[in-house]
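Undergrad: Coordinates for the following, if possible.
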Amino acid sequence: MKKNLISATIFSFLCLFLSLSTLSLASDISVDGFIQALENATYKKISTNEQINFLNSVNFLLQSSKFQSSEYKSLFDQLSNYASSKIQSLSISDTQSLSSTTAISPTSISVSYLDLPAVNLEKIRNTILSWHNQERNLLWLPWYIYQSQLERSANVWSDVLKSEERTVNTHIRKPSDGYYNYNSMSERFRNLDISFWSDWSFSESVGRGYYKCDKTDCTDELLKSLKTTRDFFMSEKDRNWVHYKAISSKVFSQIGIGISVDTSKKRYYFVLHYWTPISN
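TA: Residues are numbered from 1 along each chain as shown. I've put the predicted structure just below:
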């Protein structure tokens, strides 16, 4: 079903481009005409987040093998460059600071799947999102958008890790899996009724560490603990290893976090799910 959806979507875009190409031959419309059509479609979306999601979807399709092998590759590359530039300009606000205390692209979640006592969940989300987007800003990459359904899937998995007290093999869904089995992981998402534009285009990062707090507000204590995992991921930058690749991905556009705390073991389990735009 998903493959049919992807094919239909690509076909629709190709029809649009073919129509404009025919128009171009008749009316001598330049590449700017294609860009104007994409811009018009973007601004039909009401909110900035919807515009960014739409452009991320377009960008992902334009960079797919079907488009890149087309005779119109040069045109598609220019459209992709425009989409990336537009995402960047929509994401950046003149009033935003790049200080470590300010969330870049703050979250707005109507339904929360995190359940952490004595913790400001919005601050947790915004800080983790900010950690990612500060790095992406330095790389001139579009900022990650927070996705509540990815929060749900990440939180479900963090709960599994906590309940099983897992400290190794943290990506394995079935006993028969290897270290990182895409098919099993995709099946888990489907079981949560989450579908995407494309299979085989996601990443999962997992961390764990010490955490203890008896205060009435444990937000800063939890962030201090989570930062040790974040620093570990960032330490991979020079080698461009898998956790840093997820932070700096040119393909992924959405992120969700899961955090479960085992108070008896004084341990947290931290899961990050990254994916291309969700289609449902």
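Undergrad: Every contact and neighbour count from this point should use C-alpha atoms.
TA: Fine.
Undergrad: got the phi/psi numbers for residue 228?
TA: The phi and psi values for residue 228, taken as degrees, to the nearest 10, are phi -60, psi -40.
Undergrad: Also residue 85?
TA: Per-residue torsions, residue 85: phi -60, psi -40 (degrees, to the nearest 10).
Undergrad: distance of it from residue 35?
TA: To residue 35, residue 85 is 12 Å away according to C-alpha to C-alpha, to the nearest Å.
Undergrad: repeat for residue 165
TA: When C-alpha to C-alpha is the yardstick, residue 165 and residue 35 sit 52 Å from each other.
Undergrad: of the two, who's got more company?
TA: Neighbour totals were compared for residue 165 and residue 35, and residue 35 leads with 17 against 14 (other C-alpha atoms under 10 Å).
Undergrad: isn't the more buried one right up against residue 82?
TA: Yes. Here residue 35 lies in contact with residue 82, judged by C-alpha atoms under 8 Å, at a distance of 7.3 Å.
Undergrad: quick one, strands of the protein?
TA: For the chain, applying DSSP state E gives strands covering 145-146, 202-210, 254-262, 267-275.
Undergrad: Let me have those strands in a markdown table, adding mean neighbour count and distance to residue 158 as columns.
TA: Rendered in a markdown table, the data for the strands of the chain read as follows (neighbours: other C-alpha atoms under 10 Å; distance: least, C-alpha to C-alpha, whole Å):
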| stretch | mean neighbour count | distance to residue 158 |
| --- | --- | --- |
| strand 145-146 | 24 | 17 |
| strand 202-210 | 19 | 8 |
| strand 254-262 | 24 | 6 |
| strand 267-275 | 25 | 6 |
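Undergrad: Turn those strands into a markdown table, columns for mean pLDDT and distance to residue 230.
TA: As requested, the strands of the chain are arranged in a markdown table below (pLDDT from 0 to 100; distance: least, C-alpha to C-alpha, whole Å):
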| stretch | mean pLDDT | distance to residue 230 |
| --- | --- | --- |
| strand 145-146 | 90 | 17 |
| strand 202-210 | 89 | 9 |
| strand 254-262 | 93 | 12 |
| strand 267-275 | 93 | 10 |
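Undergrad: would you list those strands in JSON lines and tack on distance to residue 78?
TA: What follows is the strands of the chain, written out as JSON lines (distance: least, C-alpha to C-alpha, whole Å):
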{"stretch": "strand 145-146", "distance to residue 78": "23"}
{"stretch": "strand 202-210", "distance to residue 78": "25"}
{"stretch": "strand 254-262", "distance to residue 78": "23"}
{"stretch": "strand 267-275", "distance to residue 78": "24"}
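Undergrad: Does residue 202 touch residue 250 like I think?
TA: No. Because the distance of 11.9 Å does not satisfy C-alpha under 8 Å, residue 202 is recorded as not touching residue 250.
Undergrad: before we move on, back to that, out of the strands of the chain, which gets nearest to residue 130?
TA: When those are ranked by proximity to residue 130, the top entry is strand 145-146, at 10.5 Å, counting by C-alpha to C-alpha.
Undergrad: what packs against the closest one?
TA: The criterion is 3 or more C-alpha pairs under 8 Å, 6 or more residues apart in numbering; DSSP states H and E, and the helices and strands that strand 145-146 contacts are strand 254-262.
Undergrad: Relative to the strand it packs on, what are the paired strands and their orientations?
TA: strand 145-146 (parallel), strand 267-275 (antiparallel) (DSSP bridges).
Undergrad: quick one: it to strand 202-210, angle?
TA: Using axes from the mean of the first three to the mean of the last three C-alpha atoms, to 10 degrees, the inter-axis angle of strand 254-262 relative to strand 202-210 is 30 degrees.
Undergrad: what does strand 254-262 rub up against?
TA: Strand 254-262 is contacted by residues 114-116, 125, 144-159, 162, 211, 267-277 when judged by C-alpha atoms under 8 Å, 6 or more residues apart in numbering.
Undergrad: and with 7 Å instead?
TA: Contacts with strand 254-262, where a contact means C-alpha atoms under 7 Å, 6 or more residues apart in numbering, come from 114, 144-148, 150-151, 154-155, 158-159, 162, 267-277.
Undergrad: what does stretch 145-160 give?
TA: So stretch 145-160 is contacted by 107, 109, 113-114, 189, 253-260, 269-273 (C-alpha under 7 Å, 6+ apart).
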